[in-house]
Every structure is written in C-alpha cells, then in structure tokens.
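In: Model the structure of this input:
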Amino acid sequence: MAKTMANYQRDHFKQKVRRHFDPLIQEQELLVKQYRTEATKKIVGKLAKKMGADRILAAFKNAEDQMKRVREDARTFFIKKAKTEDKKEKLNYNFTERNVKEISLSDCEEQLRDWAKELVDREIRRRPEGKMLNQLESVKTKAIDTVMESGSSETLIKALELCTKKIGITWVVDTSQIKQIANN
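Out: Prediction:
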C-alpha cells in the first residue's frame, strides 16, 4: 500500500511546479505584452476609422485646440485687467488654476485603446506566442492538479515527469553527470 503524502509534501511539489513554470510563463507573457503593445498602436487608428470615430476624434481635437486657445486668451485678458491687488484676489479660481473638464479627447482615445486591446488579445491567442502561453498555463494547471490528486510521492514524481516532458522540462534531474567539486 502506497503511503499518502503529507500537506508539506504537497506544498513542496506545488512550489516546485511554480519554480519550473513561472519563469517560462513570465517570459512568454513578456513576448505577448510586446506584441500587444505594438499591435494595439497599429490597430487604434484602423479601429477609429472603421468605426467612424476618426471624424469625431479630429473634430474633438480641433475643438479642444480652439478651446485651449480661447481659454488662454480669456485667462490672459482677465489677468491683465486685474491690475489692482483687490481685483487680483477676486479672480475666479479657474483663471488662476487649471480648469477640470468633463470629457476630453484623451478619454476618447483611451476608450479606443481599451477596445483595441481586446481585439489584440483575441488575435494574440491565435499567434505562436499566445499558443505557447496557453500551453504553458495548461500544463502548469495540469501539474498542480496532479500534485493535489496524487496519493504518493513516487507516483506523483512519475506523473510530473510525464507532464513536464511535453514542454522540455526534466522533473527528475540526473545528478550522476554532475562533476564532484574538489576541496582544495
């Protein structure tokens, strides 16, 4: 009868699974993020044009530029007209500090970037980088499930060796090939 594993043994195996998989997954996620950033930049303009938002963004930009000029003109005008200290103290807060707006061009652009990221994320899962990330995450999940469902460490080690071999990880390291460190 095989001896069942203690919780600390299961924890050890789960930590070992994470040690093996997390660096590979993080590396793949970096590749995916790099692709996502590049693709999102490219797709925002196309998405805006396809949706018809490019005309709205252009009009918004023109309006904001004009509004900025008008605000600056108004600010300069009222600051110049407030020649006495009494008038300067009574200047409206908006003439001395930046006025907060309700919605801006950057809000619209940010919304388009969010939508573009969703499209890119769907596309990434079809690319080799995304497929590799999915595979690594799936094998990691399978390995952790195997740890939790296994009854003994001997069968667990064999199952993990089979599971990790698919992605090029050797679970059991052959230490017989390691040279002895000489004590000089």
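In: can you give me the offset of whichever helix or strand Leu112 is part of from its chain's centre?
Out: Using DSSP states H and E, Leu112 sits within helix 105-124. Centroid separation between helix 105-124 and its chain, computed with Cα atoms, centre = their mean, to the nearest Å, is 13 Å.
In: what packs against it?
Out: Packed against helix 105-124 by the contact rule (3 or more Cβ pairs under 8 Å, 6 or more residues apart in numbering; DSSP states H and E) you find helix 7-51, helix 53-81. Where you see a C-beta, it was placed from the backbone N, CA and C, and this is true even at glycine.
In: distance between the longest one and the chain's centre?
Out: Centroid displacement of helix 7-51 relative to its chain, using Cα atoms, centre = their mean, is 7 Å.
In: Any chance of the backbone angles for the residue of the chain positioned farthest from its centre?
Out: Taking Cα atoms, centre = their mean, the residue of the chain most remote from its mean C-alpha position is Thr84, at 54.0 Å. Dihedral angles of Thr84 (phi, psi; degrees, to the nearest 10) stand at phi -90, psi 160.
In: So for it, what's the pLDDT?
Out: What the model reports for Thr84 is a pLDDT of 71.
In: Test my guess that Leu31 contacts Glu129.
Out: Yes - using Cβ atoms under 8 Å, Leu31 is in contact with Glu129, at 4.7 Å.
In: Distance-wise, check the most centrally placed residue in the chain relative to Val172.
Out: Centrality entry for the chain: nearest residue to the mean C-alpha point is Lys33, 6.3 Å, by Cα atoms, centre = their mean. Distance from Lys33 to Val172, counting by Cβ to Cβ, to the nearest Å: 33 Å.
In: now Arg127
Out: Taking Cβ to Cβ, one finds Arg127 at 33 Å from Val172.
In: So for those two, which residue has more residues nearby?
Out: Taking other Cβ atoms under 10 Å, Arg127 and Val172 do not tie; Arg127 has more neighbours (14 against 10).
In: Contact partners for that one?
Out: Tyr35 (Cβ atoms under 8 Å, 6 or more residues apart in numbering).
In: which other residues reach whichever strand or helix holds Glu154?
Out: Element membership for Glu154 (DSSP H and E) is helix 153-165. For helix 153-165, contacts defined as Cβ under 8 Å, 6+ apart pick out 2, 5, 9, 13, 17, 20, 139, 142-143, 146-147, 150, 170-172.
In: so of these, which ones are in helices?
Out: Gln9, Phe13, Val17, His20, Val139, Lys142, Ala143, Thr146, Val147 (DSSP state H).
In: just for the protein, where's the confidence low?
Out: For the chain, the stretches with pLDDT under 70 are 1-3, 82, 86-105, 107-108, 173-175, 177-178, 180-184.
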